[in-house]
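> Turn this into a structure:
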Amino acid sequence: MYKLNAVSLAVAATFAAASLPTLAQSDNSTLEKVVVTGSAIKRIDAETAVPVTVVKMDDLRKSGVTSVEQIMANLTSVQSSTNTAQSIGSSSGGASFADMRGIGADKTLVLLNGQRIANNAVDGSAPDLNMIPFAAIDRIEVLRDGASSLYGTDAIGGVINFITKTSYQGFTITGGYDSPQHAGGKTRSVNAGFGYGDLESQGFNIFGFASYKKSDNISGSQRDFNKRVVGGLSYSTDPANYTQDFEHYYNPTLPDCSGTQVKNVNGECRIVTPAFVDFQPKTEVYSGMLKGSLMVNKDLTLGAEVFATRSKVTTLVAPVPYGGYYINPGTAFYPTGNANISPTFDDGSAGAPGFSPTKAFPNPVNVLPGFVYVLWRDFPNGSREQMNQNDQQRILLTAEGAGLGWDYSVAGSYNHNKVQQFLTGGYGDGDMIGEGLLEGIINPFGAQTAAGTQLLQDAALNGKLQHAIGEVYNINAHASREVGDWLGVGRAAQLALGVEYRHERFKSVPETDFAAKVEVSTGVSPTFHSEGSRSVKALYGELNLPVLKSLDITGSLRYDKYSDFGSSTNPKVSFRFQPVKEVLVRGSASTGFRAPTLFELYGNQAYTNTAGNYANPITCPAGTGGSQCSAQFQVLNSGNPNLKPEKSQSETLGIVVQPLNNLSLSLDFWSVHLKDSIGSIPQFALFNNYAAYPQLQQYFHPNAAGQLSVISNCPSAQCGYVDQTLQNLGKVRTNGFDIGGQYRLSTQVGAFDFALNSTYVNKYEFQDFKDGYWVSAAGQYGESGPVFRWQHNLSTNWHYNDFGGGFVVHYKSGYKDFDPAAHARVPSYTTTDIYGTWSPLKSLSLTAGVRNLFDRDPPFTNQTDLFQAGGWDSRYADATGRAYYVRATYNY
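So this is what the prediction gives:
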């Protein structure tokens, strides 16, 4: 056995710095065997055959980072991310996800201390990054290679391993305050930790960390660029539009179109909904972690770890649209004086009750001939407010040690995630409001009477909409040892063997009675309960074989058996060649297998609308016109129990050189080929390829008149909808280069660390649907979002005695826009962060800094894929603008 001493895996890093350890080891060092993310074998050399980026948290905190989400947004290997801003108007439950290589967050494996955590129970294809206990993190290791034999071959895009401190002694507390220059978005944070016991001398250590963070929302009205509107125009306005044929719309305020954010668009009044959408939601996060270690003897250490996190995300969107409700002739607010309105109009609705009996209207009035459809937005009850509460817990027990010549590790864990969705403002009982409009109690065209005001107040509903639960039980064990110098090269081969058992459960349950009352405004089915479970058993092995003194070849194999998808065997081969101490060449090849998650199989049904305006390909070419030629149509989102697994092939080839003692450079080529990718067929692809690709026509379900629903009072199949349930799409092929560099300069005025981390995407092409056309998306907006050719982070850090400082420049290249005919190109996006530190006392550290120093607004894009279709893209840009921050840390 090797004598244990501390060995650092990371070099000076900000969130721009790649891990480029020194290639040559000192001859007189006593070296520790460590496990690096991506391998089950304990080894001395930190630089393995696969590329790993190591990010140190101490430097990240100085640069103003307050969340895991912010870290992921600035890793260049993460091509895109789902952040809390995207939870606005979506079904993500307020979660944040990371997506390495841009092939989907469900193909990036997120670990905490090398162990899985539960997927987010809502939109649950990946863990919510907000659940990671931020205060306890010591470093992050990012495996930029896919399909890990150790962790699981579902890690097709890569692995992100959050590693907490292994032990801690003393007490620490940090307080922080962030204040944007513009309104909204202020953040307050505090975290504290304690620890007692020395594992080496006392045989035990126990420590804990807790943190709290609260961020204010940023509303669309608080940023000037909210006026760059390209989508989200709605017919449901206040004052309301009315129609009898859904082709011609009338408004009593035409041509001026009075009302908040209501504009005259081609002679019709339309409301600009993005103006009412939050650009950043209000968030509140509590987290805590407790960890204890007991050294039974020199060959056995037991550990126990528990963490719990609660995240609350509150989102605001435009008031509820009530489109397609009726107003009977002869009632107080029936529009008169319009010769285009027929007093005998009847499309089959007349004679039927307007709505189901309700408490307010036990005997609803029938719809009368001559009625009009009204499209009104409920401004009296205000914007829709939803609060998502996400709770995550994990209990982990470990045993690590050595015996009979083997180093071993055994772990068992239980992970629990629960997401609850609450409606906290702006929602109402659709039946009550519909009957109030029908009978002339609610005025959709002007000020309310006392009776109308009272009815709207009585119809207002707050309550719990639904909840979902995800659970993971896991037990795994692996052991490694040297097995002899088989080829006589002076170094022993190393073998690792492992087993894993995992059981997953998922359940999503609507609050039936309450959900039924708000189905019109939420689209959530009150009767659709979904649940599922699976078990996974795995065996894996890894052999590192020194072939020459300068060449190692590593082979690994993993066998997985799923209770619902059969079995899969996936190999991986890698090599590490170091002909001289200053040069390292490495490469790998592997296959991957990812079974659909339980949420992807059984996720609940919800009706919503397209993000942008489209033409109904069934009726619009025939000249029907009206709303069918430019509208947000009803779509159905749901899981799909008929999904097949995804399969992949991945390769890497790279070189690391150290021409000088203080200079390291790296270049790694990577490639991923994926087939049967899982996702929803993009709306753009469905509507624009209806005629050219007949296989897409099965996803259109029009009503009897061939129309798709453009109204919100009929969230069901009979009104006409587009099917966007999850499908096995086509293939994805992507490759590129990761480039890294680091240089340390020592001077009389301190030490300077320069670092570059960059990713270049050479190719990114995919099929939106099976057997469909190929889309080349590198450097342009594909049908699901842009793919940046280049992403860079360039940093400089300086330290001298009690002072320090630095800056980081973040760069994303421009790309061809969503609709290049209207706007050819989205410009590049560059932001700069600076900070300074001072330690007036040994126990006290002060930090101040500025993020987005030059107050760069998000670049304009005409994408309409997101709910925030307001001329920018929240997946890649930050609405905050310039923000100042201060931090103070006290250690005892």
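> so how far is residue 200 from residue 169?
11 Å (C-beta to C-beta, to the nearest Å). C-betas here are computed from N, CA, C, even on glycine.
> quick one, which of the two is more surrounded?
The residue with more neighbours, out of residue 169 and residue 200, is residue 169; 14 against 10, by other C-beta atoms under 10 Å.
> Identify the residue nearest the more buried one in space, chain neighbours excluded?
residue 195 (4.7 Å; C-beta to C-beta, 6 or more residues apart in numbering).
> Bridge partners for the one you found, pull those for me.
residue 170, residue 207 (DSSP bridges).
> Give me the distance between it and residue 839.
In terms of C-beta to C-beta, residue 195 sits 21 Å off from residue 839.
> Which one of those two is surrounded by more residues?
A direct count of neighbours by other C-beta under 10 Å for residue 195 and residue 839 places residue 195 higher, at 18 against 15.
> what's the following helix or strand after the least confident helix or strand in the chain by mean pLDDT?
Every helix and strand of the chain was ranked by mean pLDDT, DSSP states H and E. The lowest is strand 78-82, at a mean of 68. Following strand 78-82 in sequence order, the next helix or strand is strand 97-100 (DSSP states H and E).
> Identify the residues contacting that next one?
By C-beta atoms under 8 Å, 6 or more residues apart in numbering, the surrounding residues in contact with strand 97-100 are 72, 75, 77-82, 105, 107-108, 110, 120, 125-129, 142, 144, 157-158, 160.
> same deal with stretch 433-451?
Defining contact as C-beta under 8 Å, 6+ apart, one finds that stretch 433-451 is touched by 238-240, 252, 322, 325-328, 331-335, 354-355, 358, 360-361, 364-365, 367, 374, 376, 378, 380, 452, 455-456, 459, 713.
> Endpoint to endpoint, that stretch covers what distance?
Taking C-alpha to C-alpha, to the nearest Å, the first and last residues of stretch 433-451 lie 12 Å apart.
> so how far is that stretch from its chain's centroid?
Averaging C-alpha positions (C-alpha atoms, centre = their mean, to the nearest Å) puts stretch 433-451 41 Å from its chain's average.
> avg pLDDT for that stretch?
If you average the pLDDT over stretch 433-451, you get 94.
> How about that stretch, which residues are buried there?
By 16 or more other C-beta atoms under 10 Å, the buried positions in stretch 433-451 come out as 433-445.
> Next, format those residues as CSV and append distance to residue 727.
Below are these laid out as CSV (distance: C-beta to C-beta, whole Å):
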residue, distance to residue 727
433, 36
434, 34
435, 39
436, 41
437, 38
438, 40
439, 44
440, 46
441, 45
442, 41
443, 45
444, 39
445, 43
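> closest to residue 579 among those residues?
Residue 579 has its nearest neighbour among these in residue 433, at 75.9 Å by C-beta to C-beta.
> Okay, helices next: where are they in the protein?
Ranges of helices in the chain, per DSSP state H, are 57-62, 68-72, 430-438, 450-459, 512-517, 519-522, 598-602, 683-688.
> Run through who's touching the shortest one.
Among residues not part of helix 519-522, those counted as contacts by C-beta under 8 Å, 6+ apart are 320, 322, 384, 423, 427-428, 430, 465, 515, 525-526, 606, 712-713, 715.
> which stretches of the stretch 401-550 of the chain aren't confidently modelled?
Scanning the stretch 401-550 of the chain for pLDDT under 70 picks out nothing.
> Show the contacting residues for residue 835.
Residue 835 neighbours (C-beta under 8 Å, 6+ apart): 62, 63, 64, 805, 806, 807, 847, 848, 849, 850.
> Is it possible to get TSV of those that adds pLDDT and neighbour count?
Rendered in TSV, the data for the contacts of residue 835 read as follows (pLDDT from 0 to 100; neighbours: other C-beta atoms under 10 Å):
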residue	pLDDT	neighbour count
62	75	21
63	74	23
64	74	24
805	94	19
806	93	23
807	93	19
847	94	22
848	96	16
849	94	22
850	96	19
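> unless I'm mixing things up, residue 311 is touching residue 284, no?
Yes - counting by C-beta atoms under 8 Å, residue 284 is a contact partner of residue 311 at 7.3 Å.
> For those two, work out which one has more neighbours and name it.
Taking neighbours as other C-beta under 10 Å, residue 311 and residue 284 compare with residue 311 leading, 24 against 15.
> Strands of the stretch 551-700 of the chain, start to end?
Per DSSP state E, counting those that start in this stretch, the stretch 551-700 of the chain carries strands over the ranges 551-562, 566-580, 583-594, 606-609, 634-637, 646-660, 663-675, 678-679, 700-701.
> from the chain's centre, how far out does the second one sit?
Once both centres are worked out by C-alpha atoms, centre = their mean, strand 566-580 turns out to sit 30 Å from its chain's centre.
> In that strand, which residues are buried?
For strand 566-580, the neighbour count (16+ other C-beta under 10 Å) marks 568, 570, 572, 574, 575, 576, 577, 578 as buried.
> so residue 739 bridges to which residues?
Taking DSSP bridges as the rule, residue 739 bridges to residue 667, residue 758.
> does it really touch residue 760, like I thought?
Yes - when contacts are counted by C-beta under 8 Å, residue 739 is listed as touching residue 760 (6.9 Å).
> Tell me the pLDDT of residue 27.
39.
> Hmm, I typed the wrong one, I wanted residue 35.
Note on residue 35: pLDDT of 55.
> for residue 350, same thing?
With respect to pLDDT, residue 350 has a value of 70.
> What's the separation between it and residue 369?
For residue 350, the distance to residue 369 equals 5 Å [C-beta to C-beta].
> looking at it, residue 585 is touching residue 652, isn't it?
No - taking contacts as C-beta under 8 Å, residue 585 lies outside contact range of residue 652: 11.4 Å.
> Of the two, which one has the most company?
Set side by side, residue 585 and residue 652 show more neighbours around residue 652, with 23 against 17, by other C-beta under 10 Å.
> shouldn't that one be in contact with residue 668?
Yes - contact criterion C-beta under 8 Å: residue 652 and residue 668 qualify, at 5.9 Å.
> who touches both of the two?
Counting by C-beta under 8 Å, 6+ apart, the residues touching both residue 652 and residue 668 are 51, 144, 586.
> and the residues you listed as TSV, adding distance to residue 860?
Output for the shared contacts of residue 652 and residue 668, formatted as TSV (distance: C-beta to C-beta, whole Å):
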residue	distance to residue 860
51	35
144	32
586	41
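> would you turn those residues into CSV with neighbour count and pLDDT?
Shown next, in CSV, are these (neighbours: other C-beta atoms under 10 Å; pLDDT from 0 to 100):
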residue, neighbour count, pLDDT
51, 28, 86
144, 26, 89
586, 23, 96
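> What count of nearby residues applies to residue 763?
Residues lying near residue 763 (other C-beta under 10 Å) number 13.
> residues contacting it?
So residue 763 contacts 733, 734, 735, 736, 776, 778 (C-beta under 8 Å, 6+ apart).
> tell me the contacts of the first one?
Taking C-beta under 8 Å, 6+ apart as the criterion, residue 733 is in contact with 672, 673, 674, 763, 764, 765, 766.
> Can you tell me which of those residues is closest to residue 211?
Nearest to residue 211, judged by C-beta to C-beta, of these is residue 672 at 34.9 Å.
> From residue 496, how far out is the closest one?
Distance, residue 672 to residue 496, using C-beta to C-beta: 25 Å.
> Could you measure from the nearest residue to residue 731 once chain neighbours are set aside over to residue 732?
Spatial nearest neighbour of residue 731, excluding adjacent residues (C-beta to C-beta, 6+ apart): residue 675 at 4.7 Å. Using C-beta to C-beta, residue 675 is found at 8 Å from residue 732.
> quick revisit: which one, of the helices of the chain, ends up nearest to residue 548?
Residue 548 lies closest, by C-beta to C-beta, to one member of these: helix 57-62, at 37.4 Å.
> Please point out which parts of the closest one sit buried.
For helix 57-62, burial by neighbour count (16+ other C-beta under 10 Å) applies to 57, 59, 60, 61, 62.
> these two touch, right, the third one and residue 71?
Translated: residue 60. Yes - contact criterion C-beta under 8 Å: residue 60 and residue 71 qualify, at 6.3 Å.
> per-residue confidence at residue 121?
For residue 121, pLDDT reads 83.
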